[in-house]
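>>> any chance you could fold what I've pasted below:
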Amino acid sequence: MKAILCKDWGDPDTLVLGDVTSPSPGPGEVKVRLRAAGVNYADIVLIRGQYQEKPSLPFSPGLEGAGEIMSVGEGVTTFSPGDSVMAVTGNGAFAEEVVASVNSVFPIPVGMDYTTAAGFPVAYGTSHIALTDRADIKKGQTLLVLGAAGGVGLTAVECGKALGANVIAAASTKEKLEIAKKHGAHHLINYVDEDLRASVRKITEGRGVDIVYDPVGGELSKIAMRSMNPLGRLLIIGFAAGDIPNFPANYLLVKNISVVGVYWGWYRTNRPEIFKKSFENLAVWYAKGHLKPHISEVFPLEQVPKALGLLESRQATGRIVIDIDG
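All right, here's what the predicted structure looks like:
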């Protein structure tokens, strides 16, 4: 089968398209014929050898994908060959076939195509668990989303609105903010042209926000932290800006602010019941029309390096997907 291969740690342009042996499912696993795969910032961190989990070289990156079940391993009774599924693979989704744990495979919601399904699990799963389990968001609370038109940011806007939050979307351009508005943001802040903290104070009438959803990092994180009200929760999702922020402990103490890490992949193996329930809730929201996934770019398998480069440049909005069928 064809697969994108990482043969040594490096940048996206070091990846190559090659032929590898078709995998076989073991006990508790399924084999999926992939039709499409989602592109994530974690893929870039993974191929540089900087991710929390470090696979053995060579390997195929790709955290998620969608397709049909080809075969099932021993003990699998919940899926059968031919079932349409989306899978959280950890790695291996930039390929024609992949083996995944049955606990990380979910039926594709009715009406969802493979392209949409391929980019659905990681971004929506991250935002849903971040806001419900890590932040314990309540209806009527104010949520500030940084990078609000990006792959995970846009899903946080939608999930926040579905949970009854007052959503403030912050992004770097007018065009990105318009996308966030179409997906449910109640207020918009261009943090290039506006003072983020002053704008938050104006929108919240001086109170500050209850929750910050931060996939950006860098100096923006520190400004957002100072835009929070007492007992606020700052969710650390990622560092798209490239810089890991340091927060002043004295400020956190005085305002009783919590900085909360969100490593969504941990739930897959350590809290599978929460992981599964999250997807069930998301499927219901999708069926009700609360979630409208935004796919901005689609690339063929051989152009995975280009897709990753576009993602790293932070030019794309919503999700980038790989069309494995071509």
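>>> can you classify residue 169 by secondary structure?
strand (DSSP: H, G, I helix; E, B strand; the rest coil).
>>> now for it: which residues touch it?
145, 148-149, 153, 157, 177, 180-181, 185, 187-189 (Cβ atoms under 8 Å, 6 or more residues apart in numbering). C-beta coordinates here come from the backbone N, C-alpha and C atoms, glycine included.
>>> after the one helix or strand residue 189 maps to comes which helix or strand?
Assigned by DSSP states H and E, residue 189 belongs to strand 187-190. Going down the chain from strand 187-190, the next helix or strand is helix 196-203, by DSSP H and E.
>>> so how far is the following helix or strand past that next one off the chain centroid?
Using DSSP H and E, the helix or strand that directly follows helix 196-203 along the chain is strand 209-214. Chain-centre distance of strand 209-214: 17 Å, with Cα atoms, centre = their mean, to the nearest Å.
>>> with only the CA atoms kept, save the next helix or strand after strand 209-214 in PDB.
For strand 209-214, the succeeding helix or strand toward the C-terminus, using DSSP H and E, is helix 218-225. Extracted C-alpha coordinates of helix 218-225, given in PDB (Å, rounded to 0.1, in the frame of the first residue of the first chain):
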ATOM      1  CA  GLY A 218       3.300  33.000  23.200                       C
ATOM      2  CA  GLU A 219       2.700  36.600  24.400                       C
ATOM      3  CA  LEU A 220      -1.000  36.300  23.500                       C
ATOM      4  CA  SER A 221      -1.500  33.800  26.300                       C
ATOM      5  CA  LYS A 222      -0.200  36.100  28.900                       C
ATOM      6  CA  ILE A 223      -2.500  38.900  27.700                       C
ATOM      7  CA  ALA A 224      -5.500  36.600  27.700                       C
ATOM      8  CA  MET A 225      -4.600  35.400  31.200                       C
END
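>>> and the contacts of the next helix or strand after helix 218-225?
Next along the chain after helix 218-225, taking DSSP H and E as the criterion, comes strand 228-236. Strand 228-236 is touched from outside by 130-131, 134-136, 204, 207-214, 217, 221, 224-225, 247, 255-262, with contacts defined as Cβ under 8 Å, 6+ apart.
>>> in ChimeraX, select just the buried ones from the residues you listed.
A single ChimeraX command is used to select the members of these judged buried by 16 or more other Cβ atoms under 10 Å:
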select :130,131,134,135,204,208,209,210,211,212,213,214,217,221,224,225,255,257,259,260,262
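>>> just give the closest residue to residue 299, not the sequence neighbours.
residue 307 (4.4 Å; Cβ to Cβ, 6 or more residues apart in numbering).
>>> from the contacts of residue 169, pick the one nearest residue 268.
residue 153 (21.6 Å; Cβ to Cβ).
>>> ok, and the most crowded of the contacts of residue 169?
Counting neighbours by other Cβ atoms under 10 Å, residue 145 comes out on top of these with 37 neighbours.
>>> was I right about that residue contacting residue 158?
No. Residue 145 is beyond contact range of residue 158, at 10.0 Å (criterion: Cβ atoms under 8 Å).
>>> now do the helices in this structure.
Counting by DSSP state H, the chain has these helices, from start to end: 41-47, 114-118, 121-129, 153-162, 174-182, 196-203, 218-225, 249-255, 264-270, 272-287, 304-312.
>>> residues in contact with the third one?
In this case it means helix 121-129. 38, 40, 42, 63-64, 86-88, 106, 151-152, 154-156, 158-160, 213, 237, 262, 264, 267, 274-275, 278-279, 281-282, 291, 293, 319.
>>> cool, and the fifth one?
The set of residues external to helix 174-182 that reach it, using Cβ under 8 Å, 6+ apart, is 145, 148-149, 153-154, 157, 169, 171, 185, 188-190, 294, 317-318.
>>> now with 7 Å?
Residues outside helix 174-182 that contact it (Cβ atoms under 7 Å, 6 or more residues apart in numbering): 148-149, 154, 157, 169, 171, 188, 190, 294, 317.
>>> among these, which two are most distant?
190 and 294 (19.0 Å).
>>> and the end-to-end length of stretch 214-230?
End-to-end distance for stretch 214-230, by Cα to Cα, to the nearest Å: 18 Å.
>>> mean confidence score for that stretch?
Mean per-residue pLDDT for stretch 214-230: 94.
>>> buried ones in it?
Here stretch 214-230 shows 214-218, 220-229 as buried, counting by 16+ other Cβ under 10 Å.
>>> in its sheet, what does the longest strand seen in the chain sit against?
What stands out as the longest strand in the chain, according to DSSP state E, is strand 29-39. Partners of strand 29-39 in the sheet, by DSSP bridges, are strand 64-72 (antiparallel), strand 97-101 (antiparallel), strand 319-323 (antiparallel).
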